[in-house]
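Student: No sequence on hand, only this structure:
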């Protein structure tokens, strides 16, 4: 199983970025996917998740600003990030698991390498 995140970069506060995660080696439509992030000196935290049927859940800190979607035909998930703040600066990781009742890091089976998002104020 491979998860490849892309789309990170440098953006000014208030700007937007779109992250993508391409999956291979798994029956993508049967997996839930999540985005997590880790800021310097902080623990990894949940950002957004999407179920295999497309239901989404977001951390309170990103509700109304981030939108997660999935394209089962392309085996990808996307995270549209808007109204970015300096506190959104982090390495963003995509992760997948076939099931789970929580969106904790420990509940995810597969992880991609992260992509760095830097928001300048």
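Tutor: Received, thanks. Everything quoted here is computed from the prediction, not taken from an experiment.

Student: Number of residues surrounding the residue nearest to residue 76 when sequence neighbours are not counted?
Tutor: Distances taken as C-beta to C-beta, 6 or more residues apart in numbering put residue 22 closest to residue 76, at 5.1 Å, once the chain neighbours are dropped. Every C-beta, even on glycine, is put in place using the N, C-alpha and C of the backbone. By other C-beta atoms under 10 Å, 17 other residues sit near residue 22.

Student: so where does residue 22 fall, helix or strand?
Tutor: strand 17-24 (DSSP states H and E).

Student: Which secondary structure elements does that strand sit against?
Tutor: If you count contacts as 3 or more C-beta pairs under 8 Å, 6 or more residues apart in numbering; DSSP states H and E, strand 17-24 packs onto strand 2-6, strand 32-38, strand 76-81, strand 90-97, strand 115-120.

Student: Pick out the residue nearest the middle of the chain.
Tutor: For the chain, the residue nearest the mean C-alpha position is residue 35 (2.2 Å; C-alpha atoms, centre = their mean).

Student: Does the closest residue to that residue other than its chain neighbours fall in a helix, a strand, or a coil region?
Tutor: Leaving aside its chain neighbours, residue 35 sits nearest to residue 47 (4.3 Å; criterion: C-beta to C-beta, 6+ apart). Here residue 47 is strand, with the state taken from DSSP: H, G, I helix; E, B strand; the rest coil.

Student: Quick one: end-to-end length of stretch 45-57, please.
Tutor: 14 Å (C-alpha to C-alpha, to the nearest Å).

Student: buried set for that stretch?
Tutor: Buried residues in stretch 45-57, counted by 16 or more other C-beta atoms under 10 Å: 46, 47, 48, 49, 50, 52.

Student: hmm, which two among these are most spread apart?
Tutor: 47 and 52 (18.4 Å; C-beta to C-beta).

Student: Show me where the chain dips below the pLDDT cut-off.
Tutor: Low-confidence segments of the chain (pLDDT under 70): none present.
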